[in-house]
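S.K.: Structure for the following, please:
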Amino acid sequence: MFDMSKVGGTIKKLRLENTLTQMELADRMGVSFQAVSNWERGNSMPDIEKLPQLAQIFHCSVGSLLGESPASAWVAQAAAGTAEVPSPQLLTEAAPILKPQQVQTLAEKSQQTQKGFDLSTLVQLAPFLGKESLSILFHRLNLADVTYEDISNIAPFADREMMSRLVNAFLQQGGTTSLKQIIDLAPFLARQDLNELILRAQRPDERITIEILTHLSPFTDKERMGQLVNAFLQQGGTASFDEIIGLAPFLARQDLGELILRGRRPNDKIDADALAALAPFAPKEVLDALASSLLEQHGALTIEEALNLAPFLDKERLFQLLESKGR
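M.R.: Residues are numbered from 1 along each chain as shown. Model (predicted):
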């Protein structure tokens, strides 16, 4: 693709050489001075229709503006209305200065008539295509050699059905990736596809961290989270009560109990607020064990603290929490 920063520097250099202000150039081009400013700062490119006019003002060629290359030569021809259907490579380089409808039309023609229009091409064109056009082009592709990078790069633009097909092709080709990378894809995947990706593509030697569990938990199901928690514990992983509380709504009761009993950090002491936060999710026997620890560490609870726990404890345990040390 064109280096927008370099093109912007060229436009600024030529404007100064022609003793024009940004406002004067904008008036002659029929655009706002903010548009000229954005060109020069490399934030955007002139539309392809504007390039011949800009070149005429600066007494240069379109190629001089964009940097001499096959892509700039094609753009010059396109601006003059004499260009042929570009190769996929030329189209990906020219896309930033084409209108979305032009990219769509040329992409369809290039895919039908030119060799080399593959998933990598579509990934590069995705930011310049509408969802419908992207979907049409995608469904004509032969999904061979799908990489994690392809899936990741197209994810913000693709729909769930496209993502599902990409994940399935990636898995069928034996693709593997890390849980850290899967986290980045999680918001764009249907739960079933995410679960399959975790189950089949996760690298077996990867160490599972509490951060990985926390980031994946809103997107996957309790069964898969249980498997990840079990692997985390087998690897000797530990977590603070605050971290466990964050995971609690996304874990099955038994898995949460195992995480509390086996994974909590030894020096991390329970308090009444943490116990109340865990109470709706933890198994009763684990809750009782935590309540006993709380009594040993802090003594009795206040009436308010006990009321927060009342729905989750039997009467005997509740009275113990209130009566200890006469409070």
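S.K.: Now do the helices in the stretch 101-250 of the chain.
M.R.: Ranges of helices within the stretch 101-250 of the chain are 119-125, 131-139, 148-154, 160-172, 179-185, 191-201, 210-216, 222-234, 241-247, based on DSSP state H, counting those that start in this stretch.
S.K.: Which one, of those, ends up nearest to P100?
M.R.: Of all the helices of the stretch 101-250 of the chain, helix 131-139 sits nearest to P100, with 8.2 Å by C-beta to C-beta. All C-beta atoms are positioned from the backbone trio N, CA, C, and that covers glycine.
S.K.: so that closest one versus helix 160-172, what angle?
M.R.: Relative orientation of helix 131-139 and helix 160-172, computed by axes from the mean of the first three to the mean of the last three C-alpha atoms, to 10 degrees: 30 degrees.
S.K.: Name the stretch among the helices of the stretch 101-250 of the chain that sits most buried.
M.R.: Of all the helices of the stretch 101-250 of the chain, helix 119-125 has the most neighbours on average by mean count of other C-beta atoms under 10 Å, namely a mean of 21.
S.K.: who touches it?
M.R.: Contacts to helix 119-125, defined as C-beta atoms under 8 Å, 6 or more residues apart in numbering, come from residues 1, 88-89, 91-92, 95, 103, 107, 134, 137-138, 141, 143, 145-146, 150, 153-154.
S.K.: And stretch 244-253, by the same measure?
M.R.: Contacts of stretch 244-253 (C-beta under 8 Å, 6+ apart): 213-214, 217-218, 222-223, 225-226, 229, 239, 256, 259-260, 263-264, 274, 277-278, 280-283.
S.K.: Let me know the average pLDDT across that stretch.
M.R.: Averaged over stretch 244-253, pLDDT sits at 96.
S.K.: re earlier: how about the helices of the stretch 101-250 of the chain in CSV, adding distance to Q56?
M.R.: As requested, the helices of the stretch 101-250 of the chain are exported to CSV (distance: least, C-beta to C-beta, whole Å):
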stretch, distance to Q56
helix 119-125, 30
helix 131-139, 33
helix 148-154, 37
helix 160-172, 43
helix 179-185, 46
helix 191-201, 52
helix 210-216, 54
helix 222-234, 61
helix 241-247, 62
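S.K.: if I look at the nearest residue to T238 once chain neighbours are set aside, how far off is M225?
M.R.: Excluding the flanking residues, the one nearest T238 by C-beta to C-beta, 6 or more residues apart in numbering is R265, at 4.7 Å. Here the criterion is C-beta to C-beta, to the nearest Å. By it, R265 lies 20 Å from M225.
S.K.: now A158
M.R.: 25 Å.
S.K.: for the stretch 151-300 of the chain, what are the low-confidence residue spans?
M.R.: Within the stretch 151-300 of the chain, the ranges that satisfy pLDDT under 70 run 299-300.
S.K.: What residue spans form the domains of the protein?
M.R.: Taking automatic domain parsing as the criterion, the chain consists of the domains 1-83, 269-327.
S.K.: In this structure the residue nearest to T238 contacts S240, no?
M.R.: Yes: with contact defined as C-beta atoms under 8 Å, R265 reaches S240; the gap is 5.8 Å.
S.K.: Tell me which of those two has more neighbours.
M.R.: For R265 versus S240, neighbours defined as other C-beta atoms under 10 Å are more numerous around S240 (15 against 12).
S.K.: Give me the phi and psi for the nearest residue to that one once chain neighbours are set aside.
M.R.: The shortest distance from S240 to any non-neighbouring residue, by C-beta to C-beta, 6+ apart, is to D268 (5.1 Å). Here is the backbone geometry of D268 (degrees, to the nearest 10): phi -90, psi 110.
S.K.: I'd like the distance between D268 and Q102.
M.R.: Taking C-beta to C-beta, one finds D268 at 60 Å from Q102.
S.K.: Which of the two has more residues huddled nearby?
M.R.: Neighbour totals were compared for D268 and Q102, and Q102 leads with 18 against 14 (other C-beta under 10 Å).
S.K.: Tell me the spatial nearest neighbour of that one, not counting adjacent residues.
M.R.: Closest to Q102 by C-beta to C-beta, 6+ apart is I48, at 7.4 Å.
S.K.: show me what contacts that neighbour?
M.R.: Shown in contact with I48 (C-beta under 8 Å, 6+ apart): V75, A78, A79, A94, I97, L98, K99, Q102.
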